[in-house]
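Novice: predicted model and sequence below, questions to follow.
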Amino acid sequence: SLASTMVEILPAPRYHYRRVISGIGAVVGLIIVIFFSTLFVNYATVVMGGISGIFAAAVYAEHTYRFHCEKNSNVPHDHLFPMRLIGTIGFCASCVCFFFFMCLASLRHETPGGQSHTVTAVWCFMSAKWSCAMMYFAEDYSARDKESTNNRTLLGGSVQSSL
């Protein structure tokens, strides 16, 4: 039969590992917000650390959602285009901010420290990393959804959204 000959093309994702890493990123973003708003009063780093934490939390939420959909054999709701769009805009904005703060730190001959623009540039880079992760996982999960929908259609099953 067709069902027995079909081979899953895409390997199952490692949700637990992905959730731990993105969860740590969200917590570290929150710690940076608290640390730099109280100790160093570096609001540019507070903003970029907060944005990095928000992107990491969004990635964590998507992995958790996918994990529960797979666990309950539900087809995930299609919301990946906005995730991809937000990731793309966030990546572009974070890269511009990264280069801006690196140039500013270089022009002022700053050494890395709590008040330095170099630290802000690092958190711009972290925001770029998590927004890039949003883009990547949105693309990856989109391909998985398409493959899963095609397999269900070929097998004569119904496709129902989890929402």
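Specialist: That came in fine, so what should we check first?
Novice: so which bits of stretch 91-107 are buried?
Specialist: For stretch 91-107, a neighbour-count test (16 or more other Cβ atoms under 10 Å) marks Phe91, Ser94, Cys95, Cys97, Phe98, Phe101, Met102, Leu104, Ala105 as buried. For glycine as for every other residue, the C-beta is placed from the backbone atoms N, C-alpha and C.
Novice: out of the residues you listed, which are inside strands?
Specialist: Judged by DSSP state E, strands contain none of the buried residues of stretch 91-107.
Novice: out of these, the closest to Ile54 would be?
Specialist: Ser94 (11.7 Å; Cβ to Cβ).
Novice: separation between the closest one and Ser116?
Specialist: 18 Å (Cβ to Cβ, to the nearest Å).
Novice: next SSE after the helix or strand harbouring Ser22?
Specialist: Assigned by DSSP states H and E, Ser22 belongs to helix 15-35. The element immediately downstream of helix 15-35 (helix or strand, assigned by DSSP H and E) is helix 43-71.
Novice: so what does that next one touch, helix or strand wise?
Specialist: Judged by 3 or more Cβ pairs under 8 Å, 6 or more residues apart in numbering; DSSP states H and E, the packing partners of helix 43-71 are helix 15-35, helix 80-107, helix 117-154.
Novice: CSV please, covering these and showing distance to Cys69 and mean pLDDT.
Specialist: Output for those, formatted as CSV (distance: least, Cβ to Cβ, whole Å; pLDDT from 0 to 100):
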stretch, distance to Cys69, mean pLDDT
helix 15-35, 10, 94
helix 80-107, 13, 95
helix 117-154, 10, 88
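Novice: quick one: which of those helices is nearest Asn42?
Specialist: helix 117-154 (6.8 Å).
Novice: what angle do that closest one and helix 15-35 make?
Specialist: 150 degrees (axes from the mean of the first three to the mean of the last three Cα atoms, to 10 degrees).
Novice: that concludes my questions; thank you for your assistance.
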